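S.K.: just coords:
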């Protein structure tokens, strides 16, 4: 079994896959990581929607932007998609429960940031790491606001859930040519000193 640091060294966004189906038990193990994801007050507001039905995958691909002409596909080569969702109301319910109100003086905390999104990001990272452990690769994508109604309709996503991001999963193939035009291929990795400070910022 790989160590966490070995998994992190392998972690990168992959946007081209072999097209091979992913066994359901493998996807189930990856998805089960959501049960161990951290959440504020143990609110457990994260949800995952795993899509591995070939017809639905084709429809997701049909709704995606086309790759530039002559370059490799992304969505259509994935073996599955995982939508990372969050239910904000779970956090309000948890922080208006008796034990939390006792600890906060009788009223819900003023949320410094929307922790339902923070926790969804933690769940997303666990999916990416578990995918590597299973011999898979993943690529994260956003769903534009204007595209969300058709995705919700296609996948029957209730209004109470916020769509945070999507993840393509699959067995990795060589990087697509268009992927080399941006992101990791053209940007340097920031140094440790740029990203980590000790004790005080200055």
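M.R.: That came in fine, so what should we check first? Computed from a prediction, not measured in an experiment: that's the story for all the values here.
S.K.: Name the nearest residue to residue 104, sequence neighbours excluded.
M.R.: With sequence-adjacent residues excluded and distances taken as C-beta to C-beta, 6 or more residues apart in numbering, residue 104 is closest to residue 95, at 7.4 Å. From N, CA and C alone the C-beta is placed, and that goes for glycine too.
S.K.: Surely the one you found is in contact with residue 42?
M.R.: No: counting by C-beta atoms under 8 Å, residue 95 does not reach residue 42; the two are 10.9 Å apart.
S.K.: the more surrounded of the two?
M.R.: The neighbour comparison of residue 95 against residue 42 (other C-beta atoms under 10 Å) goes to residue 95, with 20 against 7.
S.K.: where's the more buried one relative to residue 120, distance?
M.R.: The spacing between residue 95 and residue 120, counted by C-beta to C-beta, to the nearest Å, is 17 Å.
S.K.: Report the secondary structure state of the residue most central in space within the chain.
M.R.: Nearest to the mean C-alpha position of the chain, by C-alpha atoms, centre = their mean, lies residue 124 at 3.3 Å. Under DSSP: H, G, I helix; E, B strand; the rest coil, the three-state class of residue 124 is helix.
S.K.: what do you get for residue 15?
M.R.: Quick answer, by three-state DSSP: residue 15 is coil.
S.K.: neighbours around it, how many?
M.R.: Count around residue 15 with other C-beta under 10 Å applied: 25.
S.K.: So what's the predicted local confidence for it?
M.R.: If you check residue 15, the pLDDT there is 87.
S.K.: what do you get for residue 126?
M.R.: In this model, residue 126 carries a pLDDT of 97.
S.K.: mind starting the numbering at 57 from now?
M.R.: Renumbered: residue one is now 57, and that last one reads residue 182.
S.K.: Test my guess that it contacts residue 93.
M.R.: Yes: using C-beta under 8 Å, residue 182 is in contact with residue 93, at 5.5 Å.
S.K.: Need phi/psi at residue 66.
M.R.: Torsion angles at residue 66 (phi, psi; degrees, to the nearest 10) stand at phi -90, psi -20.
S.K.: How about it: what's its closest non-neighbour residue?
M.R.: residue 188 (5.1 Å).
S.K.: so how far is residue 141 from residue 215?
M.R.: According to C-beta to C-beta, residue 215 and residue 141 sit 11 Å apart.
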